[in-house]
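[1] predicted model and sequence follow; I will ask about them next.
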Amino acid sequence: MTVLALLSAAAPPRMLVFGMLALGPALAATSSNPSAVLLVGGYALATAFTISTWQGLLGTLDQFLRLVVVVTITVISWAVARHHRALARGQAGAAREREMLVAFAEQSADAIIVSRLDGVVTSWNGGAERLYGYTADEVIGSRFAKVIPPERRHALDQALAELADGRQIRLDETRRICRDGSERVVSVTVSPIRDELGNVVAAAATERDITDQKLAAERSARAARLESLGQLAGGVAHDFNNLLAIILNYADFLADEITPDGADDLARIRDAADRARSLTGQLLLFAKREPTEVEIVDLNDSITCSGELLSRSIGANIRMVCRTHSHPLPVRANRGRLDQILLNLVINARDAMPDGGVVVIETSRAGAQARLTVSDTGTGMTPEVRDRLFEPFFTTKPADRGTGLGLATVYGIVGDAGGTIGVDSTLGIGTTFEILLPLVSEPATAPAECLETGPAHGHGERIAVIEDEDYVRDLVIRILREHGYRTTALSEENLAASTLDDASLLITDIVLRGRPGPALADDLRDRHPGLRVLFMSGYSDAELRRRYDIGDATRIVQKPFTAVELLAAVDEALSTPPAVGSAPGSSAQPGPSP
Ligand code: ADP
Ligand code: MG
């Protein structure tokens, strides 16, 4: 501009050159900087003004007009520069926004997947990599079908057609298959993407993993269902127990007045009422309404002791493996009930393996909890069974084999001990039950005595056993034989025919299908006055003693018992003289002698 100014000053007629000073601001406009334009325009005007002034005030009319041109061009250039600047800023902002969006999409926990309308993936974010396990490189360029379960793939084309029509697709819940073959449940929104002309060119899917959420919801729904079932069962069982107490008491009153024929019928009524009591007892356990004594028990000990016994009686075609954690696992629980948990789970495992298999019982530590797992290689179960497993009276077994109370009881006991129980099962492969109990910091009280610690031992004494549960009878007989006793299994039917001259002790269950144990014991003692008696029972001690008039001197071993407990009771019974206090009363069962 300075050169132009000097030129036009040197050659006054060349007004054109003078006018060309206006080029300055016009050129400055390309910088998109309005201030620069104003600066250059100001300089051009000042220069032009200087030249014209130098050639007479404001110069000629031409010169004046050219000054006006410089001013006009400066103003126009300023406006253009401003506009450019706004435009450039907008573009930079949009680019930044785009970058942010890309970063956001990449880092989103949701899978964000873009595909063409033929289903070929063009974009696969980090969320999708994390969720499905496929990297972007593996998926981009191929069809999206990979993660869709085979039976739902036909729906993909339909979905793409809908998207091409501009419709959005929402699936609240659908399944996907990950690279490792595992399944996830996701919620999906797929939106059509349009180009500038409004044509749909692609589809963008946002997929959110809701698997855990759904599992948690299912779990809490199941827990709520069991909770309300527990309340119902507990209420009914409680009232029922009261009614049963009345029935049993009045049956006792009647027993004194009745003829021998009627006594038989009465025995049946009592027996039925007894069985009903056992059911209500189990229901109360499920409903967590049975108070128990708790102590600190090392879960390992408890498993070792009852596991050992179970393994011997579970059946020849089933192998049982016990693996205990290397450190103690003290939990606050009732020892007998822990045994009951294991017994129920192992019996179920046995039932699930009619052709044999393996049961693995394992304890371990899981954070602040002790874990007990019982796994079998049995039939497994369907999701429907899995869902209702813990409900009282839910069973898939024939009426004479299953009560459906086993797992309901386990559930109640575990809940009572502040623990949780879960199950994992695959049809045809097997089942694993997992129980978590809170660990306590105090060490376990008196270490459980196991077979290994040297229980009492017999010297060939003969012991008669009456028990109508085959499983329990075999167990008892086995324990006795392995510890130096000889045994004879008796039942109501073969009672009269058996000669028990050399028997020192009778062990009998109290509640039997036919006549109760105390009545049978009475019959036998009529014939063999020297026979000592030991009762076994799964029901509450005090109640039974009262009903059958069993004196305190006669021991009742509570089921389920450990071998040590049974052997200790046998030892004690054998060491007391037969007649003293061990005779069960006859008022409970004044039936005819055979
Ligand atoms: P029950 O054994 O009397 O049927 P449970 O409450 O113990 O009652 O069990 C309920 C049901 O759960 C069983 O009938 C069976 O269908 C199923 N179940 C339990 N444990 C297993 C297992 N280990 N394997 C397969 N199914 C099982
Ligand atoms: Mg069972």
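    Looks like it came in fine. Ligands and ions are numbered 1, 2, ... in the order given.
[2] going forward, measure contacts and count neighbours with C-alpha atoms only.
    Fine.
[3] point me to the residue of the chain nearest ligand 2.
    Of all residues in the chain, residue 406 sits closest to ligand 2, with a separation of 4.2 Å (C-alpha to the ion).
[4] quick check: residues of this structure near ligand 1?
    Counting by C-alpha under 6 Å from any ligand atom, the positions of the chain adjacent to ligand 1 are 348-349, 352, 378-381, 389-390, 394-397, 402-408, 431.
[5] in helices only, show me those residues.
    When the residues of the chain next to ligand 1 are checked against helices (DSSP state H), the matches are 348-349, 406-408.
[6] pLDDT below threshold where in the stretch 451-594 of the chain?
    451-456, 540, 560, 578-594 (pLDDT under 70).
[7] show me the strands in it, by range?
    According to DSSP state E, counting those that start in this stretch, the stretch 451-594 of the chain carries its strands in the segments 462-466, 486-490, 503-509, 532-537, 556-558.
[8] re earlier: how many neighbours does the residue of the chain closest to ligand 2 have?
    A total of 25 residues lie near residue 406 under the criterion other C-alpha atoms under 10 Å.
[9] ok, back up a step: ok, of the residues of the chain next to ligand 1, which come out buried?
    Among the residues of the chain next to ligand 1, those that count as buried by neighbour count (16 or more other C-alpha atoms under 10 Å) are 348-349, 352, 378-381, 389-390, 394-395, 403-408, 431.
[10] is the residue of the chain closest to ligand 2 in contact with residue 343, as I believe?
    No. Under the criterion of C-alpha atoms under 8 Å, residue 406 lies out of contact with residue 343, with a separation of 9.2 Å.
[11] can you tell me the element the residue minimising distance to the centre of the chain falls in?
    When the chain is reduced to its mean C-alpha position, the nearest residue by C-alpha atoms, centre = their mean turns out to be residue 422, at 5.2 Å. Counting by DSSP states H and E, the element that carries residue 422 is strand 420-426.
[12] as TSV, the ones in helices among the residues of the chain next to ligand 1 with pLDDT would be great.
    As requested, those are exported to TSV (pLDDT from 0 to 100):
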residue	pLDDT
348	92
349	93
406	89
407	93
408	91
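[13] for these, work out which two are farthest apart.
    349 and 408 (15.5 Å; C-alpha to C-alpha).
[14] which parts of the stretch 51-200 of the chain sit against ligand 2?
    The interface of the stretch 51-200 of the chain toward ligand 2, taken as C-alpha under 5 Å from the ion, is empty, with no residues included.
[15] near ligand 2, which residues of the stretch 351-500 of the chain are found?
    With C-alpha under 5 Å from the ion as the criterion, the stretch 351-500 of the chain meets ligand 2 at residues residue 406.
[16] how about 8 Å then?
    Applying the criterion C-alpha under 8 Å from the ion, the portion of the stretch 351-500 of the chain that neighbours ligand 2 consists of 395, 402-407.
[17] widest-spaced pair of those?
    402 and 407 (10.9 Å).
[18] spit out the contact partners of residue 510.
    With C-alpha atoms under 8 Å, 6 or more residues apart in numbering as the criterion, the residues that contact residue 510 are 516-518, 535-537.
[19] would you list the residues you listed in a markdown table and tack on neighbour count?
    Conversion of the contacts of residue 510 to a markdown table gives the following (neighbours: other C-alpha atoms under 10 Å):
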| residue | neighbour count |
| --- | --- |
| 516 | 22 |
| 517 | 25 |
| 518 | 26 |
| 535 | 23 |
| 536 | 22 |
| 537 | 19 |
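[20] low-confidence ranges in this protein?
    For the chain, residues meeting the criterion pLDDT under 70 lie at 11-18, 55-59, 289-291, 312-313, 446-456, 540, 560, 578-594.
[21] now the strands: where do they sit in the stretch 151-300 of the chain?
    With DSSP E, counting those that start in this stretch as the criterion, the stretch 151-300 of the chain has strands at 169-177, 183-194, 200-209, 295-298.
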